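# Need the 3D shape of this:
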Amino acid sequence: MKIIRVIARLNVGGPARHVVLLDRGLRARGHETLLVHGSLDTGEASLEHLALTGGLRTLSVPELGRRINLLSDVRAYVQLVRTIYREAPDVVHTHTAKAGTLGRLAALFYNASRPRRRRCVVIHTFHGHVLSGYFGAAGSALARIAERTLATVSDRIIAISPRQRDELVGRFHVATSAQTAVVPLGLDIQPLLEQAVDAPNLRRDLGIGGSDVVVGFVGRFVPIKNIALLIQAFAAAARVAPNMWLVLAGDGPLRGELQALADSSGVAQRVRFLGWTEDLSALYATFDICALSSLNEGTPVAIIEAMAAARAVIATAVGGVPDIVDDGRTGILVPSGDWEALTAAIVRLAGHRGERLALGAAGRLEAARRFSFERLVDDIEQLYQEALTEKRR
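Model (predicted):
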């Protein structure tokens with residue numbers, strides 16, 4: 001098959017890792033792929049090097065980036081139309097909201113001029129979604145209308161967890177049950193699965209003692225992640241268990257605000273802002289607990305990686321998180337926005353090393369079983385083949 005994949009940008013995060021791994025796996029099976037991506041936002045860290053080192057064929061369309069601007073978006077759309085006509089693909093697969101809009105409209109234009117047996121399959125993956133939690137009431141309503149319209153020109157909608165599918169189909173009525181498939185993420189987690197519990201870590205560099213308890217977060221510093229709640233909960237927990245540290249790995253527009261919050265909460269000396277790091281093994285080996293306090297999530301990659309590294313997980317029960325974390329067996333789930341529940345969970349695990357190890361061991365087994373790279377490529381390849389047969393029948 002000939003496949004064009006479209007994503008807004010290859011920034012550090014789950015969607016970029018996902019598309020690079022997927023294209024790499026499909027190319028290894030003889031399929032021809034082209035990865036089209038836009039430019040990064042200011043201050044974002046890049047994963048474009050993963051596509052280059054993976055030998056992927058890529059096309060940069062700078063205007064395809066996340067920011068919305070009528071003139072640049074029209075330019076991006078024209079470039080996508082030209083690319084699709086030049087490549088004549090079997091599959092156009094879009095990822096993330098803006099790329100999903102422009103990519104699917106470009107594929108619609110192409111298919112309108114082709115006989116049935118030469119049309120491409122149009123597929124979109126919701127990694128997270130902008131249907132709630134990102135905008136106000138009016139903005140969320142407009143986003144839902146736009147996605148419902150785009151679903152009518154999509155052959156398949158992919159959700160990355162059962163709960164996300166239920167939201168798309170049942171709660172927001174974006175797509176029909178028949179056209180929506182669940183394809184969980186697949187990641188290159190083998191190095192983390194093989195990592196020893198006492199693997200080399202970053203504690204010495206960060207000035208953290210070997211017996212201290214480290215709560216870690218990995219991700220972008222943006223409002224949807226609600227990191228302020230995590231700092232608030234950590235500050236309360238640190239008053240009960242003072243041998244704790246909070247390590248925030250990542251970056252984003254809220255960094256200054258979060259540093260100020262840590263200072264005003266009296267825990268600035270116990271919080272480390274690490275920035276982005278490529279050494280995931282050392283990063284997760286530094287943590288005792290991996291925490292996530294998001295308002296909304298699709299399938300958070302950091303939680304899967306932490307489970308693969310046999311780290312205990314505490315997370316808010318939002319979006320697709322409960323499809324990953326089995327409360328009480330592979331981690332602890334708390335209600336969204338409840339800092340007291342988050343505090344209690346941190347204090348509980350900080351004081352019980354045996355429970356942390358048990359949760360981490362169960363999480364590692366779950367990650368190995370469900371989120372392998374090979375399984376992802378199998379699932380997507382089969383979905384493409386079935387959708388293409390149906391489209392050109």
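# Any stretches of the stretch 1-150 of the chain with poor pLDDT?
When residues are selected by pLDDT under 70, those of the stretch 1-150 of the chain lie in 133-134.
# Where do the helices of it begin and end?
In the stretch 1-150 of the chain, helices defined by DSSP state H, counting those that start in this stretch lie at 14-28, 48-53, 70-87, 97-112, 137-151, listed in chain order.
# With distance to Gly298 and mean neighbour count added, can I get the ones you listed in a markdown table?
C-betas here are computed from N, CA, C, even on glycine. Formatted as a markdown table, those follow (distance: least, C-beta to C-beta, whole Å; neighbours: other C-beta atoms under 10 Å):
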| stretch | distance to Gly298 | mean neighbour count |
| --- | --- | --- |
| helix 14-28 | 8 | 21 |
| helix 48-53 | 20 | 14 |
| helix 70-87 | 23 | 16 |
| helix 97-112 | 12 | 22 |
| helix 137-151 | 14 | 15 |
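# can you name the farthest residue from the center of this protein?
With distances taken as C-alpha atoms, centre = their mean, the residue sitting farthest from the centre of the chain turns out to be Pro115, at 36.4 Å.
# Now render the helices of the stretch 1-150 of the chain as JSON lines, adding distance to Pro242.
Supplementary listing: the helices of the stretch 1-150 of the chain in JSON lines, determined by distance: least, C-beta to C-beta, whole Å:
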{"stretch": "helix 14-28", "distance to Pro242": "34"}
{"stretch": "helix 48-53", "distance to Pro242": "40"}
{"stretch": "helix 70-87", "distance to Pro242": "51"}
{"stretch": "helix 97-112", "distance to Pro242": "43"}
{"stretch": "helix 137-151", "distance to Pro242": "41"}
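# Across the sheet, point out what pairs with the closest residue in space to Phe234 that isn't next to it in sequence.
With C-beta to C-beta, 6 or more residues apart in numbering as the criterion, Phe234 has its nearest non-adjacent residue at 4.6 Å, and that residue is Leu246. Under the criterion DSSP bridges, Leu246 forms beta bridges with Val215, Val271.
# What residues does Leu246 make contact with?
In this structure, Leu246 makes contact with Val214, Val215, Gly216, Phe217, Leu230, Ile231, Phe234, Ala262, Val267, Arg270, Val271, Arg272, judged by C-beta atoms under 8 Å, 6 or more residues apart in numbering.
# For it, give me the pLDDT.
Reading off the per-residue confidence, Leu246 sits at a pLDDT of 98.
# tell me the domain ranges of this protein?
Residue ranges for the structural domains of the chain, counted by automatic domain parsing, are given in the record as 2-186+372-391, 190-370.
# any idea how far the residue farthest from the centre of the chain is from Glu87?
Taken as C-beta to C-beta, to the nearest Å, the spacing of Pro115 relative to Glu87 amounts to 17 Å.
# same question, Asp327
Taking C-beta to C-beta as the measure, Asp327 falls 46 Å from Glu87.
# again with Arg171
To Glu87, Arg171 is 36 Å away according to C-beta to C-beta.
# cool, Ser72 as well?
With C-beta to C-beta as the criterion, Ser72 and Glu87 are 22 Å apart.
# Also Ala362?
Relative to Glu87, Ala362 is positioned 45 Å away (criterion: C-beta to C-beta).
# do the same with Gly128
When distance is defined by C-beta to C-beta, Gly128 is 28 Å away from Glu87.
# same thing with Val130?
Here the criterion is C-beta to C-beta. By it, Val130 lies 28 Å from Glu87.
# Please apply the same query to Val19.
As judged by C-beta to C-beta, Val19 and Glu87 stand 17 Å apart.
# Gln382 too?
If you go by C-beta to C-beta, the gap between Gln382 and Glu87 works out to 22 Å.
# what sits up against stretch 332-348?
Residues outside stretch 332-348 that contact it (C-beta under 8 Å, 6+ apart): 215, 226, 229-230, 232-234, 236-237, 240-241, 244, 289, 291, 293-295, 312-318, 321-322, 325, 327, 349, 355, 359.
# Could you give me the buried positions within that stretch?
Applying a neighbour-count criterion of 16 or more other C-beta atoms under 10 Å, one finds 332-334, 336, 338-339, 341-348 buried in stretch 332-348.
# For it, give the mean pLDDT please.
Per-residue pLDDT values over stretch 332-348 give a mean of 97.
# and it, how far apart are its ends?
End-to-end distance for stretch 332-348, by C-alpha to C-alpha, to the nearest Å: 10 Å.
# Check stretch 149-159 too.
With C-alpha to C-alpha applied, stretch 149-159 spans 17 Å between its terminal residues.
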